[in-house]
Structure formats: C-alpha cells, structure tokens
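Q: Starting from these lines, generate the structure:
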Amino acid sequence: MARKKKPVFDKKLIVEAFAEMAKARSVDRDLLQGIITETFSMLVKKKYGQDAMFDIVVNMEAGDIEIYLIRTVVEEVEDPVLEISLEDLRTSGVTDYDVDDEYLEEITLDNISENFGRRLINMAGQALSQRIRDIEKENIFNQYQARVGEIIVAEIHQVRRSDVFVMHEGVELRLPRQEQIPGERYRKNDQLRAVVKEVNRQGGPSNAPEIVISRADNNFLLRLFEIEIPEIYDGLIEIKSTAREPGERAKVAVQSYDDRIDPVGACVGMKGIRIHSIVRELNNENIDVIPFSEDPSEFIKHALQPARIKDITIDAETNQASVLVGDDQVSLAIGKNGQNVRLASRLTGFSISVVREGAEDIELIEFRDELGKDLYLNLIHEEIDTAREFLEADIELLIAIKGMTKELMLEIRNIILEEFDEDEDEETVKRIKLLEEVPDELKISHLEEDTPLVGTAAELADHLTVEVSVPAAPKAEEAEQENSEDETSAPTASATEEETAATEEVEATSEEEQKDDPAE
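A: Here you go, the predicted model:
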C-alpha cells in the first residue's frame, strides 16, 4: 500500500491568499503582516511554552514566512525548551556549534503540521480570522464615525415593519421608524438618501457596529440645502437655525454675508426651482425660509409668518415673548394644532405666547403640554379655546369633562392666573373650597342650573346628580317582597269596602229623615 505524500506548501501562495483576504476586508497590508506574526507567535508559545525564545520573519513582498526557535547549546539539558545538548547536535550531523552557542532551529511551513499538530493549527486559523474580523469592525466604526452628519446614498435591501435596512459600500445601515419621514413608502432596490446620525460599536449584524441613518433629523435638511444651494456651500449664506416637524412643515432662518445676495431669494431660486427639489426629497414637506435678524422682535415677527403681528413684548431673562395679534390673525399665528407657533418657538429660542387683541388672553394651545393632548381636545370640543375662557368656565363643568381632575384643574388655573398676574375672586375661591370637600367617590355628572352658593359641602352635594349603581336583588327576595305586598294590600282593600258601605248607610238614613219631616 502506497503511503500518502506529505503536502507541499507554497509559502508565496499562502501569503498572497492572506493579502487578498485583507484587501477584501479593507485591512491594511502592514497591519496584516502584524496579524500573521501575532498568530504564529501564539502557535509557538502554545507548543513550546511562554518562555520559549523564537523569531518570526514575515516578508509580504517576497511572500515568505520563516519561524526560528532559539535554544542554547549545553552539555546537559535542564530545560528542553531553552536548551539543546551538544551531543544531540553532533548525532544529527551538526558539528559547527560549541557549548553556550545559540542554535537556530527553523520551523518551515513544510513541517508545520508535524511541529504543531492539527489542533493548534486550526486554533491559529480561527484566531487569525477573528482578528481580521475585529479589525474590519473597527475600520467600519472609524469610517462612519468620521461621516456622522454627512448624506449617503444607499440601496434598500430589506423593509421590515419598523426598520428599513440599506446597503452602503457593502455595509448594512439601519433606518429606524422614528427617523423616517411619516407617510413615506420604501421599496426594495430603491435608492435612498439619508444622513448618518449615530454609530455604535455594537448592535449591528454579527455584533458588528450599528450605523443609524435618518431622514427626519434637522441635519438632513441642512445638508440638502448645502447640496442644492451653492451659496450656502460656499459660505456666502449661513443657516442660523432650523425647526422641523418631518413630513409636515419646517422653518429655516438664513443670513447673507454678501449685501448683494438676498438670502431668501437665493434659497428659493428662480420660480422656486431650488426649494422645490428639497421639498420633493422630503415627501412634500412645506418649508418656510425666513431672514435671520439679531433683533429678537424682528426675528420672532418673521418666524410667525404668514401671520401679521401688531406688537411683541420680550422678556430676555426668561426667553419669553408675548405676541399681540388681531382676531383674524390668531389662527394663522397659531397654525394647525399649534404648529406655526411651536416651530417659531423652536426656531427663535423664545417661548412665544399668542395674545388676542382687545383683551389680554392666551390661546389654550399654549398649555397643551400641561393638559395633555386628549384633555386639550376635549376642552376645545366644549368651545373653551383660550385661557380666559378656561378661567371663566364653570368649575363644575370643567370637572365633568373627561380627563379632568380637581387637582389638575386647580394647577392649570394657578398657572394661567400667574401668567395674567391675577388672583382668584372670592366667590370662585369659596366654590373651589366647597368642591374640595366633596368626597372623590361622588362622580359629578353635572350641576343643576342656577345652583346657589351654599355654606356646606353637604348642601352642595344635594345639588349634584350622583350616579349610584345598586345591585339587583335575588329572585327569592323579590318573590318574598311581592307576597308581603299582597298580604299588606289585602286588609287595605277590606277596610276600604267597609268604609264605603258605612257611607251608603248614612246617606240612606238621611234621605228617610227628610221624607218623614213635612216641614222640610
């Protein structure tokens, strides 16, 4: 039976294979040389111990790998890892060494399996692959960390219920639901533009770095302006601030450093061609471009467009602004669901309160955060649109509105009164105190009209319609009650019959007496 020949290793082909693998995974050639050296060092230490002396030479250009084990020539060996006997050398035909000389034993790739064994070689291969993967992950992390805030163009390769995954230069990126523009639809193989928002070392596939991209971030809007408007890219126009509600509306404040350039006109472009390309990219999101001003009053006035402002009062210490508008401009100043005033507040950095002309008042939308969305909508449904209307509304009516509690009502009243710099009137204070004494178990449906002010909580409770649920009586008890009622009603009926008969007898006697008396 013929023996199998030992495999012959071409060191140059092995090194070239390592180089190709490193190139495919974007690993530097010099770094790969260090990795190979570390891998073979681990092999030698596993085989000969941590104290072994050796030297590894890796020549990537020539495609050569050489491993030398260094031992001292001695008469009698005490440590076989570090020493070799002179007699053993002469027996093997080596006669050029004397005692205390250093003997270099070359471990070639041809006999690597004999020297280290298959198990160690497999372990070294796994360690090499893991090391290259770690370097690849580090390179991906560093590459995208340097690109945070930049726009990338990628191809959609997977659409899930909450996330969209795209491929960019062979790396998978994630677009979460909260970073998507509402109403957009994504299809596989479509091209997608987004901004790199966040890079995490872990969290991606196979524990790779997680790269999060966004289309809802303000930076995406800024980068689109830089791409579409050369004056912004060149630094002639600067975007001072932005405020955005993705997919619906955005406000951008711009300033020109060249007196010959109109910042708003440059951003809009001839017949709106520049701004329209950005609007289409953002799924038809409305964009208001306004001129920036160092004067807060002027800046706020522009930010609240298209509403016409009559007067602005600013408190610079608290960053609050009170804006006076006419009755016909209130809806424009506030916008749909308070969107216009909300975006203007973010854009300018001031907390803006809209006041209707003619009387000091504040739209109820200003207190939506304190009220909550559902309760705010319930109040609007009851035609309570302003803070003044809230104060003037009957407190029992407010309590009856779904979602309102006594504590929340009192808290909102205190906030509004503080805004108006007013105090509660005595009658309202008295009514609130009486209401506080009513037990929480009483569910107030409504208060009777023209309810007078009363002196005690018990008297107030008499005017409240209280919903009380009484459990149904068992059938046996109902039957007993019916029998009891029948027995009680029977004697009553007999007594009534006797009274009727007595009355008839009296009437008959009276008629006979009248007939016997001739004078009558």
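Q: and residue 333, how many neighbours?
A: Neighbourhood size, residue 333 [other CB atoms under 10 Å]: 25. In short, each C-beta sits where N, CA and C put it, glycine included.
Q: tell me the contacts of it?
A: 304, 307, 309, 323, 325, 340, 341, 354 (CB atoms under 8 Å, 6 or more residues apart in numbering).
Q: which residues in the stretch 301-450 of the chain form helices?
A: Under the criterion DSSP state H, counting those that start in this stretch, helices of the stretch 301-450 of the chain are mapped to 330-334, 339-348, 368-371, 373-381, 387-392, 395-400, 406-420, 426-437.
Q: secondary structure class for residue 297?
A: Secondary structure, DSSP: H, G, I helix; E, B strand; the rest coil: residue 297 is helix.
Q: need the contact list for it.
A: Counting by CB under 8 Å, 6+ apart, residue 297 touches 312, 314.
Q: Could you report the distance from it to residue 314?
A: Per CB to CB, to the nearest Å, residue 297 is found 6 Å from residue 314.
Q: about what we covered before: which one of the helices of the stretch 301-450 of the chain lies closest to residue 68?
A: Among those, the nearest to residue 68 by CB to CB is helix 339-348 (68.7 Å).
Q: distance between that closest one and the chain's centre?
A: On the basis of CA atoms, centre = their mean, to the nearest Å, helix 339-348 is displaced by 20 Å from the centre of the chain it belongs to.
Q: State the pLDDT value of the residue nearest to residue 67 when sequence neighbours are not counted.
A: Leaving aside its chain neighbours, residue 67 sits nearest to residue 107 (4.2 Å; criterion: CB to CB, 6 or more residues apart in numbering). pLDDT, the model's per-residue confidence, is 74 for residue 107.
Q: What is the burial count for residue 107?
A: Residue 107 has 22 neighbouring residues, counting by other CB under 10 Å.
Q: wouldn't it be in contact with residue 65 here?
A: No. Using CB atoms under 8 Å as the test, residue 107 is too far from residue 65 to be in contact (10.0 Å).
Q: low-scoring stretches of this structure, by residue?
A: Along the chain, the parts satisfying pLDDT under 70 run over 1-16, 18-19, 21-22, 25, 61-63, 108-115, 358-361, 425, 435-520.
Q: How is the residue nearest the centre of it assigned, secondary-structure-wise?
A: The chain has residue 178 as the residue nearest its centroid, 6.0 Å off, counting by CA atoms, centre = their mean. Here residue 178 is recorded as helix under three-state DSSP.
Q: if I look at it, how far off is residue 144?
A: 19 Å.
Q: try residue 351
A: 37 Å.
Q: quick one: which of those two has more around it?
A: residue 144 (23 against 14).
Q: Can you verify the more buried one is assigned to a helix?
A: Yes. Counting by three-state DSSP, residue 144 falls inside a helix.
Q: quick one, what contacts it?
A: 171, 196, 199, 209, 211.
Q: And for the first one, the neighbour number?
A: In other words, residue 171. Counted by other CB under 10 Å, the residues lying close to residue 171 total 18.
Q: wait, it sits on residue 213?
A: No. Residue 171 is beyond contact range of residue 213, at 11.1 Å (criterion: CB under 8 Å).
Q: thinking residue 202 is in contact with residue 210, fair?
A: Yes. The pair residue 202 / residue 210 is scored as a contact, 6.8 Å apart, by CB under 8 Å.
Q: Tell me how many other residues crowd residue 221.
A: 23.
Q: Report the buried residues of the strand or helix carrying it.
A: Assessed by DSSP states H and E, residue 221 sits inside helix 218-228. For helix 218-228, the neighbour count (16 or more other CB atoms under 10 Å) marks 218, 219, 220, 221, 222, 223, 224, 225, 228 as buried.
Q: What's the first helix or strand after that helix?
A: Per DSSP H and E, helix 218-228 leads on to helix 230-233 as the next helix or strand towards the C-terminus.
Q: Off-centre distance for that following helix?
A: 32 Å.
Q: again with stretch 46-55
A: Worked out by CA atoms, centre = their mean, stretch 46-55 lies 54 Å from the chain centre.
Q: Now do the contacts for the closest residue to residue 178 other than its chain neighbours.
A: Sequence neighbours aside, residue 216 is the residue nearest to residue 178 in space, at 7.1 Å (criterion: CB to CB, 6+ apart). If you count contacts by CB under 8 Å, 6+ apart, residue 216 has them with 178, 179, 180, 181, 244, 246, 247.
Q: a markdown table for those residues, including distance to residue 29?
A: A markdown table is the format used below for those (distance: CB to CB, whole Å):
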| residue | distance to residue 29 |
| --- | --- |
| 178 | 42 |
| 179 | 37 |
| 180 | 41 |
| 181 | 43 |
| 244 | 46 |
| 246 | 45 |
| 247 | 47 |
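Q: Would you tell me which one of the residues you listed comes nearest to residue 332?
A: Using CB to CB, residue 244 comes nearest to residue 332 of the contacts of residue 216, at 19.6 Å.
Q: neighbours of the closest one, just the number please.
A: 22.
Q: helix or strand for it, which one?
A: Counting by DSSP H and E, residue 244 is found in strand 237-245.
Q: Kindly report the same for residue 68.
A: Counting by DSSP H and E, residue 68 is found in strand 64-74.
Q: Mind exporting the C-alpha coordinates of that strand to PDB?
A: Output of strand 64-74 as PDB, limited to C-alpha atoms (Å, rounded to 0.1, in the frame of the first residue of the first chain):
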ATOM      1  CA  ASP A  64       7.900  34.400   2.700                       C
ATOM      2  CA  ILE A  65       7.300  33.300   6.300                       C
ATOM      3  CA  GLU A  66      10.200  32.000   8.500                       C
ATOM      4  CA  ILE A  67      10.000  30.800  12.100                       C
ATOM      5  CA  TYR A  68      13.200  30.200  14.100                       C
ATOM      6  CA  LEU A  69      13.300  28.600  17.500                       C
ATOM      7  CA  ILE A  70      16.300  29.800  19.500                       C
ATOM      8  CA  ARG A  71      18.000  27.400  22.100                       C
ATOM      9  CA  THR A  72      21.300  27.400  23.900                       C
ATOM     10  CA  VAL A  73      23.800  24.600  23.300                       C
ATOM     11  CA  VAL A  74      24.700  22.900  26.700                       C
END
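Q: Adjacent strands (with direction) for that strand?
A: In the sheet, strand 64-74 lines up against strand 53-59 (antiparallel), strand 83-85 (parallel), strand 102-107 (antiparallel) (DSSP bridges).
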